[in-house]
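>>> Make a model of this:
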Amino acid sequence: MNAQPVIQLQNIKKIFLTEDVETSALDNINLSIEPGEYVAITGPSGCGKSTLLSVMGLLHSASSGTYILNGKEVTGLGAVEQARVRNRDIGFIFQAFNLISDMSAFENVELPLTYRSDLTKKQRHELVDAALAQVAMTERRKHYPTQLSGGQQQRVAIARALAGSPRVLLADEPTGNLDSKNAQLTMELLDTLHGQGSTIVMVTHDPRFAERAGRQIALFDGKIVEDRQYRAVAPTPIAATVA
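Residues are numbered from 1 along each chain as shown. Next comes the predicted model:
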């Protein structure tokens, strides 16, 4: 395993100001994520889980502390540079899928790649095809989100996160909008991706899904109160056809 962590957070604090009210969402977070790890972040509602993931994903800037991503400090980057780093190094999987309704599955997966000047159109299309194949959605590449089930939409969203070969996948309650069957299938897909070498950090409120990761980090009131590694549930192969 590479000696250099993918993510290093040092003394990270995040404070939100609303009128005269100051809320501490993250309080002195110190955390390293190694290449190939599968990490579940757990804790009660409002404890800072999604805020922590947003800081990791450069969607929010920390109020103080140091963030090193893939060996490079990204703490003080401006918005444009943050977006560039986010596009190349981070893959997001959202609870709400966040697909664009008037774009096909193929176009949704390709969209983030269009902002990368280092890729030709041919290279983009090859990456999209490979990502859709990885999540068993090739046959539905021309379908629009409204023509897809919730589970299929989440698979397209995962393909979009994978297409740019990011350093880390960040999943925020990836099963939150799915029925039990598709939630299970989504978790099996994440298991498979981890087995193929992906680094995954997942926020979840479901202890059954958290146990599939090899490491659990528990938050409470913006602080890490537990960080433990253990034997994860063995990955299950995904089905070629998904409901």
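
>>> Enumerate every residue touching the nearest residue to residue 101 once chain neighbours are set aside.
Leaving out its chain neighbours, the residue that sits closest to residue 101 by C-beta to C-beta, 6 or more residues apart in numbering is residue 145, at 5.3 Å. For the C-beta atoms, the positions are set from N, CA and C on the backbone; glycine is no exception. If you count contacts by C-beta atoms under 8 Å, 6 or more residues apart in numbering, residue 145 has them with 97, 99-101, 103, 105, 108, 153, 156.

>>> 7 Å instead, please
99, 101, 153 (C-beta atoms under 7 Å, 6 or more residues apart in numbering).

>>> I'd guessed the second one sits against residue 146; true?
Yep, that's residue 101 we're talking about. Yes. Using C-beta atoms under 7 Å, residue 101 makes contact with residue 146 at a distance of 6.4 Å.

>>> before we move on, what SS does residue 77 have?
coil (DSSP: H, G, I helix; E, B strand; the rest coil).

>>> List phi and psi for it.
phi -70, psi 150 (degrees, to the nearest 10).

>>> Now do it: how many residues are near it, please.
By other C-beta atoms under 10 Å, 18 other residues sit near residue 77.

>>> What of the one 3 residues further on?
Summarising burial for residue 80: neighbours were counted as other C-beta under 10 Å, giving 8.

>>> A helix includes it, no?
Yes. Assigned with three-state DSSP, residue 80 falls within a helix.

>>> pLDDT wise, what is it at?
With respect to pLDDT, residue 80 has a value of 90.

>>> Ok, residue 178 next?
Predicted confidence (pLDDT) for residue 178: 89.

>>> who's in contact with it?
Residue 178 neighbours (C-beta under 7 Å, 6+ apart): 150-151, 154, 186.

>>> Please apply the same query to residue 225.
Applying C-beta under 7 Å, 6+ apart, the residues near residue 225 are 218-219.

>>> Which of the three states applies to it?
strand.

>>> measure it to residue 9 for me?
Counting by C-beta to C-beta, to the nearest Å, the gap from residue 225 to residue 9 is 16 Å.

>>> Next secondary structure element downstream of the longest helix that the chain contains?
Longest helix in the chain by number of residues (criterion: DSSP state H): helix 180-195. Moving toward the C-terminus from helix 180-195, the next helix or strand (DSSP states H and E) is strand 200-203.

>>> packing partners for that following strand?
strand 38-42, helix 49-56, strand 168-172, helix 180-195 (3 or more C-beta pairs under 7 Å, 6 or more residues apart in numbering; DSSP states H and E).

>>> Now tabulate those in CSV and tack on mean neighbour count.
As requested, the helices and strands packed on strand 200-203 are exported to CSV (neighbours: other C-beta atoms under 10 Å):
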stretch, mean neighbour count
strand 38-42, 23
helix 49-56, 22
strand 168-172, 24
helix 180-195, 19
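
>>> buried sites along stretch 122-129?
Within stretch 122-129, the residues scored as buried using 16 or more other C-beta atoms under 10 Å are 124, 127-129.

>>> no no, stretch 221-228
By 16+ other C-beta under 10 Å, the buried positions in stretch 221-228 come out as 222, 224.

>>> Off-centre distance for it?
19 Å (C-alpha atoms, centre = their mean, to the nearest Å).

>>> got it, and stretch 163-180?
When distances are taken as C-alpha atoms, centre = their mean, stretch 163-180 is centred 5 Å away from the chain's centroid.

>>> What residues of the strand or helix carrying residue 87 count as buried?
Here residue 87, judged by DSSP H and E, is contained in helix 79-89. Of all the residues in helix 79-89, those buried under the rule 16+ other C-beta under 10 Å are 82, 84-89.

>>> Is it possible to get CSV of these that adds distance to residue 4?
Output for the buried residues of helix 79-89, formatted as CSV (distance: C-beta to C-beta, whole Å):
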residue, distance to residue 4
82, 21
84, 21
85, 16
86, 19
87, 21
88, 17
89, 13
